[in-house]
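> The amino acid sequence is not available; the structure is as follows:
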Ligand code: ATP
Ligand code: ZN
């Protein structure tokens, strides 16, 4: 049985549970309990505070865990980062009062910076030869300059609206973070095998999200050009249409190049383009 730690409530909770669900793992209860057992996969879920997850994974109380990379780096536990999950994206940034003239990281010299991320911040300051004082606080970091507790802050940002409403501006990004799957370094052979199974499923879900299934009709004289645009997993499927001179083309297209590919397809005379989401994709 593989034990996985996920956040009990908060920003990572829903996406973590959704990911397990998309991997076909069904849990017997919600997060009101400390634990939930899956009835169709050998996994047990522990619901914990995110800050505690690296320690539990390190101790082996949980075998694996889902946590923000920021928390993983801050706690600095010797555990493996196994997979970047692509949700919970944010950045750890330094922000200063809007009115401050800021010309570069050197301007942080001599300032007092409030943060809950003192380990990561100290590493950044040392690495950039900046001599600033870190004032560690446990929450509501964004109000620190306003109440005279610090000159600047170092905190998590996603949209930047919290900084804005507190009269601050983001000046240095010191870490780009997302949710990651972490694992204890000494998994049993049995648990390692379950983790590999889980990773295959996570990969299938993530790959599917990054790709779309595409169907279109193409004039036969343009099939070479169109097939070159849509390499798909191996090569596109091409089937003749009932109407002479036309074929149906089916393939997979990556989300990142999507609009560019569609424009080119149209310029090659493609018609009746249909794009569908893919639920799972195993390459
Ligand atoms: P807990 O009660 O589990 O200790 P928390 O309040 O410390 O929760 P949340 O605010 O739920 O934590 O954030 C969890 C994680 O979500 C963060 O560590 C970070 O990786 C990610 N995250 C994404 N966007 C943001 C954001 N705008 N602010 C804070 N965290 C964010
Ligand atoms: Zn926390």
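It's in. Predicted model, so just to flag it, every value in this text is computed and none were measured. Numbers count the residues shown, from 1 in each chain. Ligands and ions are numbered 1, 2, ... in the order given.
> which residue lies farthest from the center of the protein?
residue 244 (47.3 Å; Cα atoms, centre = their mean).
> so how far is residue 215 from that residue?
20 Å (Cβ to Cβ, to the nearest Å). Where you see a C-beta, it was placed from the backbone N, CA and C, and this is true even at glycine.
> one step back: tell me the spacing between the residue farthest from the centre of the chain and residue 12.
From residue 244 to residue 12 the distance is 56 Å (Cβ to Cβ).
> thinking again about what came up before, ok now do the residue farthest from the centre of the chain, which residues does it touch?
By Cβ atoms under 8 Å, 6 or more residues apart in numbering, the contact list for residue 244 is empty.
> sec struct for it, please.
Assigned with DSSP: H, G, I helix; E, B strand; the rest coil, residue 244 falls in the coil class.
> So residue 270 versus ligand 1, what's the distance?
Separation of residue 270 from ligand 1 (Cβ to the nearest ligand atom, to the nearest Å): 39 Å.
> per-residue pLDDT, that residue?
Here the pLDDT value assigned to residue 270 is 96.
> what separates it from residue 256, distance-wise?
Per Cβ to Cβ, residue 270 is found 20 Å from residue 256.
> what does residue 51 give?
Residue 51 is 34 Å from residue 256, by Cβ to Cβ.
> quick revisit: if you count surrounding residues, which of residue 270 and residue 256 has more?
residue 270 (21 against 10; other Cβ atoms under 10 Å).
> Might you report the residue contacts of that one?
By Cβ under 8 Å, 6+ apart, the neighbours of residue 270 are 216-218, 222, 226, 249.
> mind running it again at 7 Å?
By Cβ atoms under 7 Å, 6 or more residues apart in numbering, residue 270 lies in contact with 216-218, 226.
> quick one: residue 280 is in a strand?
No: secondary structure of residue 280 (three-state DSSP): coil, not part of a strand.
> That one: how many residues sit nearby?
Neighbours of residue 280 using other Cβ under 10 Å come to 14.
> Give me the distance between the residue nearest the centre of the chain and residue 137.
By Cα atoms, centre = their mean, the mean C-alpha position of the chain lies nearest to residue 86, the distance being 2.0 Å. From residue 86 across to residue 137, the span is 30 Å (Cβ to Cβ).
> just residue 200 next, same as before
In terms of Cβ to Cβ, residue 200 sits 42 Å off from residue 137.
> Comparing the two, which shows the higher neighbour count?
Ranked by neighbour count (other Cβ under 10 Å), residue 200 and residue 137 place residue 137 first, with 15 against 11.
> Just to check, the more buried one is in contact with residue 114?
Yes: counting by Cβ atoms under 7 Å, residue 137 does reach residue 114; the two are 5.4 Å apart.
> shared neighbours of the two, anything?
Joint contacts of residue 137 and residue 114 (Cβ under 7 Å, 6+ apart) are residue 144.
> what packs against the biggest helix by length in the chain?
What stands out as the longest helix in the chain, according to DSSP state H, is helix 189-209. Applying 3 or more Cβ pairs under 7 Å, 6 or more residues apart in numbering; DSSP states H and E, we find helix 189-209 packed against strand 2-7, helix 13-22.
> Tell me which helix or strand comes right after that helix.
Downstream of helix 189-209, the next assigned helix or strand under DSSP states H and E is strand 211-219.
> So which bits of that next one are buried?
211-214, 216-218 (16 or more other Cβ atoms under 10 Å).
> Now do residue 238: how many residues are near it, please.
Neighbours around residue 238, by other Cβ under 10 Å: 16.
> swap in residue 221?
For residue 221, using other Cβ under 10 Å, the count is 10.
> Next, it: secondary structure please.
Classification of residue 221 into helix, strand or coil gives helix, according to three-state DSSP.
> Ok, residue 103 next?
coil.
> Please apply the same query to the one 10 residues further on.
Classification of residue 113 by three-state DSSP places it in strand.
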